[in-house]
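Peer 1: curious how this folds, go ahead:
(one chain, ligands or ions: 2)
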Amino acid sequence: MRSVIEARGLTKRFSGLTAVSDVSLSCEHGVIHAVIGPNGAGKSTLMNLLSGDLKPTSGNILIDGIDVTGSGSSQMSLLGVGRSYQRTNIYPSLTVVENCNLAVQSRSKFSMRFLSDVGSHPEVEVDTKNVLERVRLESVAQKRVSELSHGEQRQVEIALALAIKPKVLLLDEPLAGMGAEESLSIVALLQSIRSEFAVILVEHDMDAVFALADTLTVMLNGGVIESGLPQDIRSSDRVQAAYLGEDFSD
Ligand SMILES: Nc1ncnc2c1ncn2[C@@H]1O[C@H](COP(=O)(O)OP(=O)(O)O)[C@@H](O)[C@H]1O
Ligand SMILES: [Mg+2]
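Peer 2: Ligands and ions are numbered 1, 2, ... in the order given. The predicted structure is shown next:
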């Protein structure tokens, strides 16, 4: 099957430091490709390259086989790359519905609308309703985001990524700061929507990673040290060594 998103030899240098070094990976429709590695491995920088928030020093990004290297984040969004930002594009004083309407409107044909128009377009309202149903946020739809629990706010981030009707979903640590119960509910949510996207998932919670991932890439010091099927990653000596002390093998 053809890749929806592909990175070829992506490298990002920040004055002297190579944060991402010659990373290649791809993801097909319906697949969850997890990227793991210790802190500082370069995972978030890789996600920022894939979302267009950062431009690579070298290497290429392809969407549906077409080279889109150098596109900025709005362009990547229009090309179907949705990402969950950690709160940065959420307006805490607006309600869940209003936030979601804004994200829906950020798609091309509504992009020139202003805040005062939020919710005044039936098409937007229908899309928002669908998204909130899928992420199970209907019951808090009229609440301000600032009033929600941490877990619910993370669900809003996923909702905003879905609102642009993406082909690719980039999730950078969607379970960060969550309790066990909240984590399980987000894992269940991701299971329920996974067939509709190519998902690239950065996550530290290894139970979640191994529950969700079809394929894994392991990063260390900017580079890829291993990639493959979950069972191969679990038994890899190199991966074990990179995660000194953490046992994947059970
Ligand atoms: N904007 C930046 N400027 C300079 N260095 C950065 C920047 N962003 C990340 N880095 C560095 O790049 C390396 C990889 O960081 P990051 O991608 O955040 O890793 P991870 O998400 O795997 O923890 C780290 O050493 C980090 O300090
Ligand atoms: Mg990170």
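
Peer 1: contact residues of this protein facing ligand 1?
Peer 2: 14, 17, 19, 37, 39-45 (C-beta under 6 Å from any ligand atom). For glycine as for every other residue, the C-beta is placed from the backbone atoms N, C-alpha and C.

Peer 1: drop anything exposed from the residues you listed.
Peer 2: Buried residues within these, counting neighbours by 16 or more other C-beta atoms under 10 Å: 19, 37, 41-45.

Peer 1: out of these, which is nearest to residue 195?
Peer 2: residue 43 (24.4 Å; C-beta to C-beta).

Peer 1: now do the same contact list for the residue of the chain found nearest ligand 2.
Peer 2: Distances from the chain to ligand 2, computed as C-beta to the ion, single out residue 44 as the nearest residue at 3.2 Å. Residues in contact with residue 44, defined by C-beta atoms under 8 Å, 6 or more residues apart in numbering, are 172, 202.

Peer 1: hang on, the earlier thing: show me which pair in the residues of the chain next to ligand 1 is furthest apart.
Peer 2: Of all pairs drawn from the residues of the chain next to ligand 1, the widest gap by C-beta to C-beta lies between 14 and 37 and measures 17.4 Å.

Peer 1: is the helix or strand harbouring residue 201 anywhere near ligand 2?
Peer 2: With elements delineated by DSSP states H and E, residue 201 resides in strand 198-202, which encompasses its position. No. Contact check for strand 198-202 against ligand 2, using C-beta under 5 Å from the ion: none in range, with a minimum separation of 6.4 Å.

Peer 1: what sits up against that strand?
Peer 2: Outside of strand 198-202, the residues within contact range by C-beta under 8 Å, 6+ apart are 3-5, 25, 27-36, 43-44, 46-47, 50, 167-174, 190, 209, 212-213.

Peer 1: one step back: and the buried ones among the residues of the chain next to ligand 1, which is closest to residue 57?
Peer 2: For these, the residue nearest residue 57 by C-beta to C-beta is residue 19; the value is 9.4 Å.

Peer 1: quick check: closest non-adjacent residue to that closest one.
Peer 2: Spatial nearest neighbour of residue 19, chain neighbours left out: residue 45 (4.2 Å); criterion: C-beta to C-beta, 6 or more residues apart in numbering.
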